[in-house]
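1. What follows is a predicted protein model with its sequence.
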Amino acid sequence: MLRLDHLAVAAETLAEAVAHVEEALGIKMGPGGEHAHFGTHNQLIGLADGLYLEAIAANPAAEALPYPRWFDLDRLQGGPRLGNWICRSDDLDGELARLDVEAGKPIALSRGDLKWRMAVPDSGVLPFDNRFPALIQWDVAVTPAELLPASGVSLTRLEVAHPEATALAAAVGLQDARVVFVDGPSELRATFETPHGTRVLR
């Protein structure tokens, strides 16, 4: 059974991704770290209800990779945006076997004491123009969302827009009242309650 885990804002630089989040939500992001396997780095902010938000970008200090980065970051152009949503499974292999779409192969990853597996397509591109969620299985007792300090920000709605929204919703099979699939041009739009009122991130 899938559960919403976190959201990812991508940009050509980490500074741009962080600024996009901070301007939209009015909240400062905290530190993150580096992902050596995919040559990326991030910063994080904790959300209510066991969720978190990350700003992510290619790390200019990383060596060139012989394979695509995750989250389709190698093809990223234009301004920063809410690019991906990530769902957690306690049985990633079983979840991938259940799916009717190619959501990727499990790759073992780590950052500091954190260990997890994530399904990443060989191309780095997730189904339905990257509107299908990236799937993760945490291999630690305490996840990042539980480690991050409270920010006073809570996700109230995530709109997953796509021309084939009905097929996408059926393929994902997620039961979460906050996540709504809508017909339209491919885009993610997240609504939050913050100390500064209702804010939208896209």
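-> Done, it's in. Owing to the predicted nature of the structure, the values given are computational and were not obtained by experimental measurement.

2. Leaving out the residues flanking it, which one is nearest to residue 146?
-> Nearest residue to residue 146 in three dimensions, chain neighbours excluded: residue 50, at 7.0 Å (CB to CB, 6 or more residues apart in numbering). The way it works is simple: take the backbone N, C-alpha and C, and place the C-beta from them, glycine included.

3. Kindly indicate whether that neighbour is helix, strand or coil.
-> Secondary structure for residue 50, judged by DSSP: H, G, I helix; E, B strand; the rest coil, is coil.

4. cool, and residue 23?
-> Secondary structure for residue 23, judged by three-state DSSP, is helix.

5. Tell me the confidence at it?
-> pLDDT, residue 23: 98.

6. Not counting its neighbours along the chain, what's nearest residue 27?
-> Nearest residue to residue 27, sequence neighbours excluded (CB to CB, 6+ apart): residue 151, at 5.3 Å.

7. Over to residue 68?
-> residue 124 (3.4 Å).

8. Shouldn't that neighbour be within a strand?
-> No. Going by three-state DSSP, the assignment for residue 124 is coil, not a strand.

9. Just to check, it is in contact with residue 58?
-> No. Using CB atoms under 8 Å, residue 124 is not in contact with residue 58, being 11.4 Å away.

10. show me what contacts the residue nearest to residue 68?
-> By CB atoms under 8 Å, 6 or more residues apart in numbering, the contact list for residue 124 reads 67, 68, 69, 70, 71, 72, 73, 74, 75.

11. Need the CA coordinates for the lowest-mean-pLDDT helix or strand in the chain. CSV is fine.
-> Lowest mean confidence among the helices and strands of the chain (mean pLDDT, DSSP states H and E): helix 144-147, at a mean of 92. What follows is helix 144-147, C-alpha atoms only, in CSV (Å, rounded to 0.1, in the frame of the first residue of the first chain):
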residue,chain,number,x,y,z
PRO,A,144,13.7,12.1,7.5
ALA,A,145,10.2,13.5,8.1
GLU,A,146,10.5,12.3,11.7
LEU,A,147,14.0,13.8,12.2
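
12. Skip ahead from it and say which helix or strand is next.
-> Toward the C-terminal end, the helix or strand that comes next after helix 144-147 (DSSP states H and E) is strand 154-162.

13. List the contacts of that following strand.
-> Applying CB under 8 Å, 6+ apart, the external contacts of strand 154-162 come out as 4, 7, 47-49, 51, 85, 128-129, 131, 168-169, 178-193, 198.

14. Just those: which are in strands?
-> Among those, the ones falling in strands (DSSP state E) are 4, 7, 85, 179-183, 187-193, 198.
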